[in-house]
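1. predicted model and sequence below, questions to follow.
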Number of protein chains: 2
Amino acid sequence: MVSEKMYRLGTKKSTIRTIFEFGRKRAAEVGEENIFDFSLGNPNVPTPDFVRDAAIEILTNEEPSAVHGYTVAPGNPQVREILAKSINERFGTNFSGKNLFITAGAAAAITISFKALAEPGDEFITFAPYFPEYKCFVESVGAELKVVPAQPEDWQINFDAFEKMLTANTKAVIINSPNNPSGAIYSEATIKKLAEILAAKSKEFSHPIFIISDEPYREIAYDIDVPYVPNFYANTLVCYSYSKSFSLPGERIGYIVVPDEVADFGKIYGAVAGAARVLTHVNAPSLWQLVIAKCAGKPSDISIYRKNAKILYDGLTDAGFECVKPQGAFYLFPKALEPDDYKFCERAKKFDLLLVPGADFGCPGYFRAAYCIKTETIERSLPLFKKLAAEYKN
Amino acid sequence: MVSEKMYRLGTKKSTIRTIFEFGRKRAAEVGEENIFDFSLGNPNVPTPDFVRDAAIEILTNEEPSAVHGYTVAPGNPQVREILAKSINERFGTNFSGKNLFITAGAAAAITISFKALAEPGDEFITFAPYFPEYKCFVESVGAELKVVPAQPEDWQINFDAFEKMLTANTKAVIINSPNNPSGAIYSEATIKKLAEILAAKSKEFSHPIFIISDEPYREIAYDIDVPYVPNFYANTLVCYSYSKSFSLPGERIGYIVVPDEVADFGKIYGAVAGAARVLTHVNAPSLWQLVIAKCAGKPSDISIYRKNAKILYDGLTDAGFECVKPQGAFYLFPKALEPDDYKFCERAKKFDLLLVPGADFGCPGYFRAAYCIKTETIERSLPLFKKLAAEYKN
């Protein structure tokens, strides 16, 4: 009667959702202040005032039909020019409006990119730990997702495993840096080596292998440079979102960059437009297109994330957890205190510490703690992490 | 290298787009005021002040994270309750928030519905004249679109042809009333007869056949009742959008109604959620969810459309065109003055009258004139329509 596949995809609860709902239930029992919910990657830094002011100014002063009318599918042409200029100023690129396709956030951007590129039999590769929706999105366009095992020492790329996984069917490699959930940023050396390998393999297989750079966390980086991938590898599509940088996740606004230098610009940009069409992303929300143009280049406030990262990292390592120092995004990805990360997270629940098992991100034995929550909550959680760790010492 | 199918879908220019671009070129040559562009279905009534005021009030007074944060995928629960209540008040239904799934406009709503329902081998049926994207959207979910020939006397349903087209593979019937492009509204008698046939055929084939009621023009009706389809047929999904009623097409906000009475509520609502997920409609834009809740039940201003409809209808019939009197939406769909509607529309271009051939809507021999433009432009176009008609009299 209905598509069983859609039914399964729509009703199977994610682990994160289950943990979150458990937290809501416990909060009702023991009080909000006694729940330490590290499960959700929802930005807690308020949307900057300049974003609100821009939206109000546009609503007050602009012609309503210019604000709320359909834009062309790739987005308002002036907005695209402004964003391209802003990207060029930051990264020394040479884009113009025609290189941008404005989308309803990064989820739309990556799925549109997958659908634009995917041909029957194609394989996409990503690196553990990874955002679990990649699998759902890649499979929804009829391709297969292959996952390179993690390199837990530094969460950079396990190149030996990666090289073995590349085949003639590899269409694209999905990277996410700053990374959810590891908090790592791929260094320039990592990006250069990745580019080198892909250039060689593209030649060997006589077709381009693309990088899809999913980078909604680009601005959340703690004094570490986040290399701009198109400057290192021509066949790159950049998928960006304002969800994290301007704390606008519900508004669905971001973009895809298709550089002139990709193997066949017209073909790829055209396929992006076709994919957006069949996924019925008619246009990205029009008011928000104008708002991000007005706010282009304005800074993201990452001071709270920086502070939270330090407090949680120091607290956890002090309690005996092994953890790579976070470089960006708003997650810590420490080693669980027993091999089974599900069991570990269950045990943490006894202390009302809500953590997400690493297996959910293709990386068993670890756990994710999202620290985009109140600093004070993090501070009060530290004694509980100590108690949890103590249980494992006995 | 890319999906050829997506490339074709993304680069093949629609007739409407081609006409629109021709109009822009001509406007540059002869002046904006000398172009009579009836090609685009873009609302020209300004967004109501109460919509702008609601948006500004929310931006000014509400907590940013409550305004701009992710909502759950089906949409803000309070917003859904308010919308359900408003629907109940208008149509005597008994919905609650759980019956609604808020979407990025009607295009997303219908495609999500198609994808939720479609199984391999399924057929969807619609009625000429019809919105051409139906074909693209139905095929994108792996089903086939069958089109029932038009009934040009009144643009109601050609039931004889329809009955012959129903098979064991028919999954759903897509209706659009008030109709783009015909301007007709399906009468209660039409809906009742449709319901009767579908009930009988569902029984005969031992599976439900659904109605997908695509109704973005519901409020644009000239003193004619638009029957609320779930009141006549249980297995109905209603797809609604605020694009036309509040002139917000660029903002992408609408909803799907899944009544309790459908064959299997849990299955269908679950499949809707899964389809939204793989089409990466993460959530409908969150600010606009709050705005439509604040404006629920407020009236649409259709006075301009009503006035334009009368002027254009009177002018065209006076000039000798055959045309069914418009009942709603903002289109007139008269008979072309020669059998080949493409040739007719080409000839109209000589007078800078930009019209869309009916063949684009599965209805050759007719043309669409969108009158959501300035009243004064319509008035000045009438002598040109007369001149065009005169050419055919010689």
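-> Received, thanks.
2. can you give me the helices for the stretch 251-394 of chain A?
-> In the stretch 251-394 of chain A, the helices defined using DSSP state H, counting those that start in this stretch lie at A:265-278, A:286-294, A:303-318, A:341-349, A:375-393.
3. what residues does the stretch 201-350 of chain A put near chain B?
-> The interface of the stretch 201-350 of chain A toward chain B, taken as CB under 8 Å from any CB of the partner chain, is made up of A:207-208, A:247-252, A:263-264, A:267-289. C-betas here are computed from N, CA, C, even on glycine.
4. can you put the helices of the stretch 251-394 of chain A in TSV and add mean neighbour count and mean pLDDT?
-> Compiled in TSV, the helices of the stretch 251-394 of chain A are given as follows (neighbours: other CB atoms under 10 Å in any protein chain shown; pLDDT from 0 to 100):
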stretch	mean neighbour count	mean pLDDT
helix A:265-278	23	97
helix A:286-294	24	98
helix A:303-318	18	98
helix A:341-349	18	97
helix A:375-393	15	97
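5. tell me where the stretch 101-250 of chain A has helices.
-> Taking DSSP H, counting those that start in this stretch, the helices of the stretch 101-250 of chain A run over residues A:105-117, A:133-140, A:159-165, A:188-205.
6. can you give me the angle the first one makes with helix B:265-278?
-> Between the axis of helix A:105-117 and that of helix B:265-278 there is an angle of 80 degrees, by axes from the mean of the first three to the mean of the last three CA atoms, to 10 degrees.
7. between helix A:105-117 and helix A:286-294, how big is the angle?
-> Helix A:105-117 and helix A:286-294 are oriented at 100 degrees to each other (the same axes, to 10 degrees).
8. again with the longest one
-> For helix A:188-205 against helix A:286-294, the angle between stretch directions is 120 degrees (the same axes, to 10 degrees).
9. which neighbouring elements make contact with helix A:188-205?
-> helix A:159-165, strand A:170-175, strand A:210-214 (3 or more CB pairs under 8 Å, 6 or more residues apart in numbering or on different chains; DSSP states H and E).
10. what comes up buried for that helix?
-> For helix A:188-205, burial by neighbour count (16 or more other CB atoms under 10 Å in any protein chain shown) applies to A:T190, A:I191, A:K193, A:L194, A:A195, A:I197, A:L198, A:K201, A:S202.
11. and what of the second one?
-> The neighbour-count check on helix A:133-140 (16+ other CB under 10 Å) flags A:E133, A:Y134, A:K135, A:F137, A:V138, A:E139, A:S140 as buried.
12. chain B next: which of those residues are close?
-> A:F137, A:S140.
13. how much space between the nearest residue to A:E163 once chain neighbours are set aside and A:I304?
-> Closest residue to A:E163 apart from its sequence neighbours, by CB to CB, 6 or more residues apart in numbering or on different chains: A:I197 at 6.1 Å. A:I197 sits 37 Å away from A:I304 when distances are taken as CB to CB, to the nearest Å.
14. before we move on, what about A:E338?
-> Relative to A:I304, and taking CB to CB, A:E338 is found at 32 Å.
15. bridged to the residue nearest to A:I174 when sequence neighbours are not counted, which residues?
-> Leaving aside its chain neighbours, A:I174 sits nearest to A:T126 (4.2 Å; criterion: CB to CB, 6+ apart). Legend: beta-bridge partners of A:T126 under DSSP bridges are A:V147, A:I174.
16. okay, A:T126: pLDDT?
-> For A:T126, the pLDDT comes out at 98.
17. report how many residues lie close to it.
-> Look at A:T126: counted by other CB atoms under 10 Å in any protein chain shown, it has 22 neighbours.
18. residues contacting it?
-> Contacts for A:T126 were tallied using CB atoms under 8 Å, 6 or more residues apart in numbering or on different chains; they are A:Y134, A:L145, A:K146, A:V147, A:V148, A:V173, A:I174, A:I175, A:N176.
19. now swap in A:M6 and tell me
-> Contacts of A:M6 by CB under 8 Å, 6+ apart are B:K115, B:A116, B:G270, B:A271, B:V272, B:G274, B:A275, B:V278.
20. what would these look like in TSV with distance to chain A?
-> Converted to TSV, the contacts of A:M6 look like this (distance: CB to the nearest CB, whole Å):
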residue	distance to chain A
B:K115	6
B:A116	5
B:G270	4
B:A271	4
B:V272	7
B:G274	3
B:A275	5
B:V278	4
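21. which outside residues touch stretch A:69-83?
-> Identification of contacts with stretch A:69-83 by CB under 8 Å, 6+ apart yields A:96-98, A:100-102, A:255, A:273, A:276-277, A:281-284, A:286, A:289-290, A:292-293, A:296, B:42-43, B:249-250.
22. just the terminal-to-terminal distance for it.
-> Start-to-end span of stretch A:69-83 (CA to CA, to the nearest Å) is 20 Å.
23. avg pLDDT for it?
-> Here stretch A:69-83 scores 96 as its mean pLDDT.
24. A:T377 touches A:F36, doesn't it?
-> Yes: between A:T377 and A:F36 there is a contact under CB atoms under 8 Å: 6.1 Å.
25. tally of neighbours for the residue in the stretch 1-150 of chain A positioned nearest to chain B?
-> Closest residue of the stretch 1-150 of chain A to chain B, CB to the nearest CB: A:G10 (3.0 Å). Neighbour count of A:G10, defined by other CB under 10 Å: 25.
26. so it sits in a helix?
-> Yes: checked against DSSP: H, G, I helix; E, B strand; the rest coil, A:G10 lies within a helix.
27. tell me the pLDDT at it?
-> Note for A:G10: predicted pLDDT of 95.
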